[in-house]
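> 3D model of this:
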Amino acid sequence: MKKLLKKLIVTVNLKNLPFGKFMTKSKAMVKAQEDNPGMVTGLDPAATVVKAKLVLIDNKNTERKNLEQTKKELTGEINTLRNDVTNILTDSWAGEVQKASNGDVDFVKLFGFGVKGIDDGHSEPEVTIANSIPLISEVLNTRHLHQDVSIINSSTKSIALPKGAKECVIFLLIGTTEPSDISQMQYQGATQKGKFSHDFKSDEAGKTAYYIAVYTSKATGKPVATASVLAKLLIS
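Sure thing, here's the model as predicted:
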């Protein structure tokens, strides 16, 4: 067996590996110790302890996948039920309320319905970059040193851009103190799909990622000066 020169340093090389490769390599390292008992002394904790932790990771990963699948299924069921309610109120109830109202707008409003072109006596406001902002609805550590960000419109609660917006840009600060102004944050990229992802460096683990999303103007290409809402999550 080729001996390792004393001046060389043994490395682990597990940081920043994708989850699958991390698990494969870690399990192989534990198995090598089990297959060659006594060749390496002084392991603390022992290989059995590390193996138990890897088994726990596998179990937690399976649990996470099951929860993600359940979330998808529940989302589908909720959307189906929402469509059912919308169709009933649109195709059946609205017509009955219209017949019973005899043209009385207040009667229609009494039952929670609207009149085309009228809402509380005014035309319904158009959703634009002047009256809506991008809200970061969710930030998740989806894998080691990686976060996924979800963004919605404050008025519509959907990912659709408001009228006049070119895209949604993301600003980020990594640290331990919350920024007081967007000028302290760094531009990271843009999205039109309501999704943004970021990979962190290994020395950033344990710090906090602070995010702000801002719409840019289609006319000028510059960020619109609206009050954005800060989102944050510990990097793990």
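
> which element is Ala190 on?
Ala190 belongs to strand 186-191 when assigned by DSSP states H and E.

> just checking, what packs against the longest helix seen in the chain?
In the chain, with assignment by DSSP state H, the single longest helix is helix 47-88. Other helices and strands packing on helix 47-88, by 3 or more CB pairs under 8 Å, 6 or more residues apart in numbering; DSSP states H and E, are helix 19-35. For every residue, glycine as well, the C-beta is placed using N, CA and C.

> can you list contacts of the helix it packs on?
Helix 19-35 is contacted by residues 13-14, 17, 40, 43, 47, 50-51, 54, 57-58, 61, 143-144 when judged by CB atoms under 8 Å, 6 or more residues apart in numbering.

> The residue nearest the centre of the chain pairs with what?
Nearest residue to the geometric centre of the chain (CA atoms, centre = their mean): Val149, 3.2 Å. When bridges are called by DSSP bridges, Val149 pairs up with Val139, Phe196.

> In contact with it, which residues are there?
136, 138-139, 170, 195-198, 211, 213, 231.

> Export only the CA atoms of the helix or strand bottoming out on mean pLDDT in the chain, formatted as CSV.
Each helix and strand of the chain was given a mean pLDDT (mean pLDDT, DSSP states H and E); the minimum falls on helix 105-110 at a mean of 88. Output of helix 105-110 as CSV, limited to C-alpha atoms (Å, rounded to 0.1, in the frame of the first residue of the first chain):
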residue,chain,number,x,y,z
VAL,A,105,-76.7,48.0,-8.0
ASP,A,106,-76.9,48.1,-4.2
PHE,A,107,-78.9,44.9,-4.2
VAL,A,108,-76.1,43.2,-6.2
LYS,A,109,-73.5,44.5,-3.8
LEU,A,110,-75.5,43.3,-0.8
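
> What residues of it count as buried?
For helix 105-110, burial by neighbour count (16 or more other CB atoms under 10 Å) applies to 108-109.

> Contacts for that helix next, please.
Under the contact criterion CB under 8 Å, 6+ apart, helix 105-110 has outside partners 97-98, 100-101, 114-115, 118, 120.

> if we can go back for a sec, which strands and helices sit next to whichever helix or strand comes after the longest helix of the chain?
Proceeding N to C from helix 47-88, the next assigned helix or strand is helix 94-101, under DSSP H and E. Applying 3+ CB pairs under 8 Å, 6+ apart, one finds that helix 94-101 contacts helix 105-110.

> Just give me how far the helix it packs on sits from the chain centre.
Distance of helix 105-110 from the chain centroid (CA atoms, centre = their mean, to the nearest Å) equals 40 Å.

> Stretch 217-232 too?
Relative to its chain's centre, stretch 217-232 lies at 19 Å (CA atoms, centre = their mean).

> Could I get the CA-only coordinates of that stretch as CSV?
What follows is stretch 217-232, C-alpha atoms only, in CSV (Å, rounded to 0.1, in the frame of the first residue of the first chain):
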residue,chain,number,x,y,z
SER,A,217,-40.1,49.7,-15.4
LYS,A,218,-40.6,48.6,-18.9
ALA,A,219,-40.3,52.2,-20.0
THR,A,220,-37.0,53.0,-18.3
GLY,A,221,-35.5,49.6,-17.3
LYS,A,222,-34.8,51.0,-13.8
PRO,A,223,-36.2,49.7,-10.5
VAL,A,224,-39.4,51.3,-9.4
ALA,A,225,-39.2,53.2,-6.2
THR,A,226,-41.8,51.3,-4.2
ALA,A,227,-41.6,50.1,-0.6
SER,A,228,-40.5,46.5,-0.8
VAL,A,229,-40.8,43.9,2.0
LEU,A,230,-37.7,42.2,3.3
ALA,A,231,-37.5,38.4,3.5
LYS,A,232,-34.8,36.5,5.3
